[in-house]
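Visitor: quick one: sequence and predicted model below, then my questions.
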Amino acid sequence: MKTIFHLGFWMLLSVWTAMTTAAERIVYATTLSTSYTHVGQNQTLSGLFYQAPGDTAWGFMGRPNNRVYSMDVYVPSGGRILAMATHSGVQQSWDGGKTWKTTSDWRMTEVSLIRFAADNPRKLYAASPYGFYKTTDDGRTWTMHNNGLDHPNATFITALVIDDSRAGRLLISTEAGLFESDDDGEHWVAGTLEVSHVRTLVQHPRDPEVWFAGTEDHGLYRSVNHGKNWQKCDTGVLHATFYSVVFDPSHPDTLYAGGFQTGVYKSGDGGKTWRQYFSGLTSLDVHSLAVDPADSRCVYAGSTTHGVFLSRDGGLTWRPHGINGGYVWSINIVNYGR
């Protein structure tokens, strides 16, 4: 049976690998209600977890029993600003995660996505089942921007991408397909991908014209002209539902994809053809993937029932990497660039 996507019932985990130097790396993990072994004890915890390099155990930060859907990190000079999308709104930390403050009001609930603007830590974008939100003052005030999201399912946003090549351009994937904005989210127009239930969206790290989309029931799609046209790209793919597509940032012709009962698919030719790998995966439902920018052989996979898996040979084989029983929702690697 397929996973049912209702925010109130998601057992969610998102993993963020934050690298400040080759010697300093922190993995942040957010989860919604998971049976988890912590310091030798079985506990039911939800919230924000972290892991230092070389550790096998996970630490915990933030508020206990806090259902967190996603998180983002902004690194100004001399510090780290963290933001979380939670069931009760947006929460932020200005001291590296030691203390937290809710920065949204009671009208913003079940927030599922949070992103910092690339060059302004005071500007954040957020999404919930009710639409798209933006703040320009550190979260003191939030405004909803659903102009153009007229389809009944268009406000249910599943991914948000900031186009690095065009100022003010945002793309979102929704239950009603893709939508684009050229004015920083003030207005939206429907994209040209004629498929609904788009689950994931990603831009090529070096060629901004190239985009990939993963869908529910309709497989993988690629655009080579900045989203004007889309072609299906599923040679070698035996499955139709994909939740995550990621590039190897060091070798962007290499991609990984995961989804419902897929294990992990890998492409070495820019997404033209794919091969499936699942050795060591005790769950074939892969909801999230990420490649370590410091070591392309190191790939993270998040499953829906068995937590995090790690491959050290470029996705060929896998082993468990903690938080067994967790529903891993997203894995994102943040390079701090120091």
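Guide: Perfect, thanks for sending it.

Visitor: count of residues packed around the closest residue in space to Phe132 that isn't next to it in sequence?
Guide: Nearest residue to Phe132, sequence neighbours excluded (CB to CB, 6 or more residues apart in numbering): His145, at 5.2 Å. Using the backbone N, CA and C atoms, a C-beta is placed for each residue, glycine as well. Using other CB atoms under 10 Å, His145 has 19 other residues around it.

Visitor: and if you look at Val286?
Guide: Val286: 28 neighbours (other CB under 10 Å).

Visitor: my read is that it contacts Ala301, right?
Guide: Yes: using CB atoms under 8 Å, Val286 is in contact with Ala301, at 5.2 Å.

Visitor: give me the common contacts of these two.
Guide: Both Val286 and Ala301 are in contact with 258, 264, where contact means CB atoms under 8 Å, 6 or more residues apart in numbering.

Visitor: follow-up on the earlier one: which residues touch the residue nearest to Phe132?
Guide: So His145 contacts 131-134, 185-188 (CB under 8 Å, 6+ apart).

Visitor: all helices of the chain, in order?
Guide: Counting by DSSP state H, the chain has no helices to list.

Visitor: and which of the contacts of His145 is nearest to Gly271?
Guide: Nearest to Gly271 among the contacts of His145: Trp188, at 26.3 Å, using CB to CB.

Visitor: which residues touch His239?
Guide: 219, 259-262, 265.

Visitor: about what we covered before: format the contacts of His145 as JSON lines; extra columns: pLDDT.
Guide: Output for those, formatted as JSON lines (pLDDT from 0 to 100):
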{"residue": "Gly131", "pLDDT": "96"}
{"residue": "Phe132", "pLDDT": "97"}
{"residue": "Tyr133", "pLDDT": "98"}
{"residue": "Lys134", "pLDDT": "97"}
{"residue": "Gly185", "pLDDT": "97"}
{"residue": "Glu186", "pLDDT": "97"}
{"residue": "His187", "pLDDT": "98"}
{"residue": "Trp188", "pLDDT": "98"}
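
Visitor: got TSV for these, with distance to Ala159 and neighbour count too?
Guide: Listed next are those as TSV, based on distance: CB to CB, whole Å; neighbours: other CB atoms under 10 Å:
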residue	distance to Ala159	neighbour count
Gly131	14	19
Phe132	12	28
Tyr133	15	24
Lys134	16	18
Gly185	14	21
Glu186	19	15
His187	19	15
Trp188	14	25
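
Visitor: inside strands: which ones of those residues?
Guide: 131-134 (DSSP state E).

Visitor: if I look at Pro152, how far off is Val195?
Guide: Separation of Pro152 from Val195 (CB to CB, to the nearest Å): 17 Å.

Visitor: the two: who's more crowded?
Guide: Taking neighbours as other CB under 10 Å, Pro152 and Val195 compare with Val195 leading, 17 against 9.

Visitor: so who does that one touch?
Guide: Val195 touches 177, 213, 215, 218, 221, counting by CB under 8 Å, 6+ apart.

Visitor: by neighbour count, which of the residues you listed wins?
Guide: Counting neighbours by other CB under 10 Å, Ala213 leads the contacts of Val195 with 28 neighbours.

Visitor: just the pLDDT at the residue nearest the centre of the chain, thanks.
Guide: Compute the mean C-alpha point of the chain, and by CA atoms, centre = their mean the closest residue is Ser330, 4.0 Å away. Note on Ser330: pLDDT of 76.

Visitor: is it true that it touches Tyr300?
Guide: No: shown here, Ser330 and Tyr300 do not form a contact pair, counting by CB under 8 Å, at 10.5 Å.

Visitor: distance check, the residue nearest to Gln51 when sequence neighbours are not counted against Gly307.
Guide: Spatially, and ignoring its direct neighbours in sequence, Gln51 is nearest to Val27 (4.2 Å; CB to CB, 6+ apart). Applying CB to CB, the value for Val27 to Gly307 is 12 Å.

Visitor: which of those two has more neighbours?
Guide: Legend: neighbour count by other CB under 10 Å for Val27 and Gly307, higher for Gly307 (28 against 23).

Visitor: give me every residue that touches that one.
Guide: 13, 34, 320-326, 328.

Visitor: where does this protein have low pLDDT?
Guide: Within the chain, the stretches with pLDDT under 70 are 1-24, 33-45, 52-54, 78, 333-338.
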